[in-house]
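S.K.: Test case, fold it:
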Amino acid sequence: MNKKYFKYINTLLVVIPMTLIMAFVGLMRNYGFGEAWFLKFLNAWSVMLPVAYLSAFIIIPRARKLAEKITTKS
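M.R.: Just a heads-up that it's a prediction; the model follows:
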């Protein structure tokens, strides 16, 4: 695979299961298995996925730099 796309695919493969879990937990806490719960779940997830995907590209590089600073301090 082309290394050019690795970062984007890797981030997507992390974000998809995380947002699925978060949407499911949030839905169950707020609504339970009520009427049309699956459609509510898909609606919540469809909003969370692009937001989390874009946010990851902002947060991950900053988190990496901060972690490097913390771990390399003497």
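
S.K.: quick one: contacts for residue 12?
M.R.: residue 53 (C-beta atoms under 8 Å, 6 or more residues apart in numbering). To be clear about C-beta, it is placed using only N, CA and C from the backbone, and glycine gets the same treatment.

S.K.: And it, how close does it get to residue 60?
M.R.: Residue 12 is 12 Å from residue 60, where distance means C-beta to C-beta, to the nearest Å.

S.K.: Overlap of the contact sets of these two?
M.R.: Counting by C-beta under 8 Å, 6+ apart, no residue touches both residue 12 and residue 60.

S.K.: what's the longest helix in this structure?
M.R.: Determined from DSSP state H, the single longest helix within the chain is helix 37-72.

S.K.: Show me what that helix is packed against.
M.R.: Counting contacts by 3 or more C-beta pairs under 8 Å, 6 or more residues apart in numbering; DSSP states H and E, helix 37-72 is packed against helix 3-30.

S.K.: Taking helix 37-72 as reference, get the angle to the helix it packs on.
M.R.: In terms of direction (axes from the mean of the first three to the mean of the last three C-alpha atoms, to 10 degrees), helix 3-30 departs from helix 37-72 by 120 degrees.

S.K.: list the buried ones in helix 3-30?
M.R.: Residues of helix 3-30 classed as buried: 11, 15, 19, 23, 27 (neighbour count, 16 or more other C-beta atoms under 10 Å).

S.K.: Could you do stretch 56-64 as well?
M.R.: Buried, per 16+ other C-beta under 10 Å, within stretch 56-64: residue 56.

S.K.: Give me the distance from that stretch to the chain's centre.
M.R.: The gap between where stretch 56-64 is centred and where its chain is centred comes out at 12 Å by C-alpha atoms, centre = their mean, to the nearest Å.

S.K.: Just the C-alpha atoms of that stretch, please, in PDB.
M.R.: Provided in PDB are the C-alpha atoms of stretch 56-64 (Å, rounded to 0.1, in the frame of the first residue of the first chain):
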ATOM      1  CA  ALA A  56      -8.300  13.300  15.100                       C
ATOM      2  CA  PHE A  57      -6.100  15.100  12.600                       C
ATOM      3  CA  ILE A  58      -6.000  18.100  14.800                       C
ATOM      4  CA  ILE A  59      -5.600  16.200  18.100                       C
ATOM      5  CA  ILE A  60      -3.200  13.400  17.300                       C
ATOM      6  CA  PRO A  61      -0.200  15.500  16.200                       C
ATOM      7  CA  ARG A  62      -0.500  17.700  19.200                       C
ATOM      8  CA  ALA A  63      -0.900  14.800  21.600                       C
ATOM      9  CA  ARG A  64       2.200  13.200  20.100                       C
END
